[in-house]
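Engineer: sequence unavailable; structure follows:
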């Protein structure tokens, strides 16, 4: 996922109404009361959102790699918790936290 200024504005001002024509800050028309964020604030929020998303890539990869819950329960029943822990650790080691 790639975040943009629209995403940042929705994050900074949830529920506020606006129209954004194009991608330049000059195309922002604020329809709600209050002051819209500055272009610098919006740019900073884009970077923050993107960094947050990128830093959680390991979680998305782990989720795809883990066996289904039904398979995990079957493994615990037939082989015990220690074998299950070893299987889960394989995925955690494959995709470590940053």
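Structural biologist: Received the coordinates, thanks. Here the structure is a predicted model, which is why all the values come from computation and not from measurement. Residues are numbered from 1 along each chain as shown.

Engineer: in the chain, where's the longest helix?
Structural biologist: If you go by DSSP state H, the chain has its longest helix at helix 39-55.

Engineer: what packs against that helix?
Structural biologist: helix 5-12 (3 or more Cβ pairs under 8 Å, 6 or more residues apart in numbering; DSSP states H and E). No exception for glycine: its C-beta is placed from N, CA and C like everyone else's.

Engineer: that's a strand at residue 29, yeah?
Structural biologist: Yes: looking at residue 29 with DSSP: H, G, I helix; E, B strand; the rest coil, it is inside a strand.

Engineer: and it, how many neighbours?
Structural biologist: Neighbours of residue 29 under the rule other Cβ atoms under 10 Å: 11.

Engineer: quick one: the one helix or strand residue 71 maps to to chain centroid distance?
Structural biologist: For residue 71, the element it lies in under DSSP states H and E is helix 69-79. Centre-to-centre, helix 69-79 and its host chain are 29 Å apart (Cα atoms, centre = their mean, to the nearest Å).
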